[in-house]
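Asks: What shape does this take:
(2 chains)
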Amino acid sequence: AQSVTQPDIHITVSEGASLELRCNYSYGATPYLFWYVQSPGQGLQLLLKYFSGDTLVQGIKGFEAEFKRSQSSFNLRKPSVHWSDAAEYFCAVGAGKTASKLTFGTGTRLQVTL
Amino acid sequence: NAGVMQNPRHLVRRRGQEARLRCSPMKGHSHVYWYRQLPEEGLKFMVYLQKENIIDESGMPKERFSAEFPKEGPSILRIQQVVRGDSAAYFCASSPGSSGNTIYFGEGSWLTVV
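Replies: Numbering: from 1, shown residues only, chains lettered A, B, ... in the order given. Reported below is the predicted structural model:
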């Protein structure tokens, strides 16, 4: 069975600093990987996804993520964080061709200090 | 193109009552998924439906929960005889197909059982 681990429950960074959110997955075949962001009381917005090809994926809002098969990781990065990036971030893995029944991590809450 | 529409956004029910949550997928999408987010947790898959068919209900509790996606109209997630533990955010998502397609989430329905 697939699983996703987000080891950091809560991260605080200063505005303008760089950010890396960690995500490790467990899946037997090539995974479909996603990062979603959720603001308080809101739904999930897709930041980026990896299906195949280039392992460095660019997303919206200046985010990127790198798929590293050898480390079973799909870490999310942003070179310079803005105060509006404060939210909860979820990594998810989809099962095989059916990139629909997603397994989510427990999320990382990002706080941005001014 | 409207996104995934869920209503009600917030619902309060007394223990023992029924809760009905509705989801209209994005235009052109024929696949609907329901996820549940308990407080301080990530999203958990509940059920995957196509028009008039339940494809995968492996995440649905065995009792009191049911889902449908009729030929006409929105998908409905129904919870009978609600208990306090049903208090959660229920997210609907949709996709045009299942193979390699990204799914898009609605803004969620927050159920509070008092």
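Asks: Those residues of chain B touching chain A, which are they?
Replies: Residues of chain B lying close to chain A (CB under 8 Å from any CB of the partner chain) are B:31, B:33, B:35, B:41-45, B:48, B:56, B:91, B:93, B:95, B:98-108, B:110. Glycine gets a C-beta too; all of them are placed from N, C-alpha and C.
Asks: which of those residues count as buried?
Replies: Applying 16 or more other CB atoms under 10 Å in any protein chain shown to the residues of chain B next to chain A, the neighbour count classes B:31, B:33, B:35, B:42-43, B:45, B:48, B:56, B:91, B:93, B:95, B:98, B:101, B:103-108, B:110 as buried.
Asks: where does the chain have its least confident helix or strand?
Replies: Let's take chain A. strand A:98-104 (a mean of 76; mean pLDDT, DSSP states H and E).
Asks: meant chain B actually
Replies: Least confident helix or strand, chain B: strand B:104-105 with a mean of 90, by mean pLDDT, DSSP H and E.
Asks: For that strand, which helices and strands make contact with it?
Replies: Using 3 or more CB pairs under 8 Å, 6 or more residues apart in numbering or on different chains; DSSP states H and E as the contact test, the elements touching strand B:104-105 are strand A:44-50, strand B:88-95.
Asks: ranking the ones you listed by burial, who's on top?
Replies: Of all the helices and strands packed on strand B:104-105, strand B:88-95 has the most neighbours on average by mean count of other CB atoms under 10 Å in any protein chain shown, namely a mean of 25.
Asks: Sheet-wise, list the partners of that strand with their directions.
Replies: Next to strand B:88-95 in the sheet, as set by DSSP bridges, lie strand B:31-37 (antiparallel), strand B:104-105 (antiparallel), strand B:109-113 (antiparallel).
Asks: Can you tell me how far the one residue sitting closest to the centre of chain A is from chain B?
Replies: Residue closest to the average C-alpha location in chain A (CA atoms, centre = their mean): residue A:35, at 3.5 Å. Applying CB to the nearest CB, to the nearest Å, the value for residue A:35 to chain B is 12 Å.
Asks: Listing request: residues of the chain with sub-threshold pLDDT.
Replies: No chain specified, so I'll use chain A. For chain A, the stretches with pLDDT under 70 are A:96-100.
Asks: My question was about chain B, not that one.
Replies: Within chain B, the stretches with pLDDT under 70 are B:1-2, B:98-100.
Asks: rerun that using 90 as the cut-off
Replies: B:1-3, B:28-30, B:38-43, B:51-52, B:95-104 (pLDDT under 90).
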